[in-house]
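[1] Sequence and predicted structure, then a few things I'm wondering about:
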Amino acid sequence: MLLSFQETVRALAETLVSQEWGHDVSPQISERVALYVLATHARMPDYLRVAFRFLTLLFDASSLLFRGKPFHRLSFAQRVAQIAWWERSFLQFAASFIAFHRTFTTFGFYSEVFGRDFVRRGRHDPD
Amino acid sequence: MIQTDNVVEKMSSDIAVIGSGPGGAVTATLCAEAGHNVLMIEEGPHLPLDSAAHFSHQEMLQKYRGGGVGLALGRAMIAYVEGRCVGGGSEVNRGLYHRTPGVILERWRREFAAEGLMPEALAPHFAACEATARVEFLPGDAPLMSSRLADGARALGWEAIEAQRLFRYGGPSNEGRKQSMSETFVPRFLRAGGRLIAETRVSRLRHSGGKWHLTARRSREGGPARQVEITAENIFVACGAVMTPSLLRRSGIKRNIGNSLRFHPMLKAVALFDTEVNRSDDLDPVHQIKAFEPRFSMGCSFSKRPTLALAMTAHPEHMRLVESDWKRMGIYYVQNMSAPAYVRNLPGFRDPLVVLRHDPAQLAELAEGLKRLCEALFAAGAVRVFPGVEGYPVLHSPSDIAKLPDTVRGTGSSLTSVHVFSSCPMGEDRSKCATDSFGRVQGAEGLYLADASLLCGPTMVNPQGTVMAIAHRNAMHAIERRFH
């Protein structure tokens, strides 16, 4: 079962979005949030990028032992359980890894849904 | 993308200015207007001020270094941001403006033997910069979420002020125009005949044959990267307080370089009020509490739903309030002065590592500041306060403030900073300074620094005014002395 950095980031973002805001969120919005998180990964300082790439693959692989599948191939419920497991871990790097994705997913999601807030009404926004 | 100068494999100029933020843009402008052939080199793209909405995720990807991811590592960690585009930090900050407080200048004179840093000596340089990058108070009343902070402070007998911004208000709905470098000094530089190349990163400096040789790489998005060799008689390095020491150290220039980087570490809290304080047509908040300076200061942050959500990540169980009650919510901050950090290049990596020293006293001071901020917010009419630190309780009344810890652990993403400086301090004390009092690097002919790295320590207030005025003073000093 192949590990995949891109698919793991995408699956993580989609799961966090659905977990927080339900399954009614349009797939297009989830996809744009995932692309934003991927773009942030691509721009971050190179030594952090290497560390995050390694952690992402470790996260993807960590379900192989118990579930027989990488994270990005798990069901929604299984993904939620694995995120919670890492989030509660006594290992600081595991909790920080999830905190990073939760932070950027939250900002990305609210920016997609409420992006009009960034523009003062009366200038460009008709509503 | 704005068209900039044609880039060829070999370029030369009298003066090369590396970086186009507040320090670099002011310096380059004065040198070009003095008749010198000046080339300004910027690593990031040249974009219009409104290429992306301010504080949006698109802006973070377009104009922030690292997509907005910068981390000072250590037992306490600070997540910091810097600009990476023509105009640098001036494009992405809020532009709150202060001249350098006298108490700070006095400290720099005393501790670093920095010459000529009297308020009266700097005043003409501040005024000259303010004539191009205009500074204004809000016209009319401030947004309620801003004035509420001042009301709370005054109810407690604390001094609060309305800060000016680098902003020209006006227009049909007072939308105005931010006075960033791309709107002010960069056009003035180009009018004076200066040349600007963007998306070009200088990786190394070398001095030989009486000239500086810069190795640079031009990388346009979607286009092939190519090497550029630039020759100049004099260089001003203005890449920002992290990248300037990184470039110098990579070039073998290391004396007092990158050993004393400082931040204004910040903690945030979200207040929920009993009435609406936050409207979609509000201007940016501007009030600040000054009563506890220089130990710590407090103010208001940009508080639209996406940034409110970011500030509420420490309280995920209350995140839905952002959707239902955002008009009753505002983000506030307290900041103080960090311990020194050092900047080092890692073998095999392009980006420098920043490591923060541990200072328990500073963290305890910040924790005290957070308690004071919560006091002010309750005095301002908040009915709930959400401290922006994971694991901290939601506060329902002033008596809950006692539940907050007496120090900040600084793990996770609770500590942030938007001000970075002091990595290569100026002054005559050669044991701790990287340059003389006017930005000339010790033992390196024709090499000057012109950005926030020169500042001797934290400014306590937004440093952009200080950076511009010092750059203005130092550039005039170098021009008058014909760079000798």
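    Received it, and whenever you're ready, just let me know what you need. Residues are numbered from 1 along each chain as shown, chains lettered A, B, ... in the order given.
[2] for the chain, what spans make up the helices?
    Reading this off chain A. Counting by DSSP state H, chain A has these helices, from start to end: A:5-21, A:27-43, A:46-61, A:64-67, A:76-87, A:92-113.
[3] hm, I was asking about chain B
    When secondary structure is read from DSSP H, chain B shows helices at B:22-33, B:57-63, B:89-92, B:102-112, B:119-132, B:144-155, B:185-191, B:243-250, B:305-311, B:321-325, B:360-379, B:464-480.
[4] Which secondary structure elements does the longest one sit against?
    Based on contacts counted as 3 or more C-beta pairs under 8 Å, 6 or more residues apart in numbering or on different chains; DSSP states H and E, the elements that helix B:360-379 packs against are helix B:144-155, strand B:266-273, strand B:297-301, strand B:329-335, strand B:382-387. Backbone N, C-alpha and C define where each C-beta goes, glycine included.
[5] Repeat the analysis, applying 6 Å as the threshold.
    Helices and strands in packing contact with helix B:360-379 are listed as helix B:144-155, strand B:266-273, strand B:329-335; criterion 3 or more C-beta pairs under 6 Å, 6 or more residues apart in numbering or on different chains; DSSP states H and E.
[6] mind putting those in JSON lines, mean pLDDT included?
    What follows is these, written out as JSON lines (pLDDT from 0 to 100):
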{"stretch": "helix B:144-155", "mean pLDDT": "97"}
{"stretch": "strand B:266-273", "mean pLDDT": "97"}
{"stretch": "strand B:329-335", "mean pLDDT": "98"}
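[7] Any idea which of the ones you listed gets closest to B:Ala450?
    Shortest separation from B:Ala450 across the helices and strands packed on helix B:360-379 is recorded for strand B:329-335, at 25.1 Å, computed as C-beta to C-beta.
[8] Is the closest one in proximity to chain A?
    No: where contact is defined by C-beta under 6 Å from any C-beta of the partner chain, no part of strand B:329-335 touches chain A; the two come within 12.2 Å at best.
[9] Need the nearest residue in space to B:Val343, chain neighbours excluded.
    B:Gly258 (3.7 Å; C-beta to C-beta, 6 or more residues apart in numbering or on different chains).
[10] Spit out the contact partners of that neighbour.
    Contact criterion C-beta atoms under 6 Å, 6 or more residues apart in numbering or on different chains gives B:245, B:249, B:342-343, B:423 as the residues in contact with B:Gly258.
[11] B:Ile41 now?
    Remark: with contacts taken as C-beta under 6 Å, 6+ apart, B:Ile41 is in contact with B:18, B:197, B:200, B:202.
[12] What residues does chain B have near chain A?
    If contacts are counted using C-beta under 6 Å from any C-beta, the residues of chain B sitting beside chain A are B:53, B:56-57, B:61, B:66-67, B:69, B:173, B:175, B:280-281, B:304-306, B:309-310, B:313, B:346, B:349-351, B:412.
[13] on that earlier part again, now the helices of chain A in JSON lines, with mean pLDDT and mean neighbour count?
    Conversion of the helices of chain A to JSON lines gives the following (pLDDT from 0 to 100; neighbours: other C-beta atoms under 10 Å in any protein chain shown):
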{"stretch": "helix A:5-21", "mean pLDDT": "95", "mean neighbour count": "20"}
{"stretch": "helix A:27-43", "mean pLDDT": "96", "mean neighbour count": "18"}
{"stretch": "helix A:46-61", "mean pLDDT": "97", "mean neighbour count": "17"}
{"stretch": "helix A:64-67", "mean pLDDT": "90", "mean neighbour count": "12"}
{"stretch": "helix A:76-87", "mean pLDDT": "96", "mean neighbour count": "16"}
{"stretch": "helix A:92-113", "mean pLDDT": "93", "mean neighbour count": "21"}
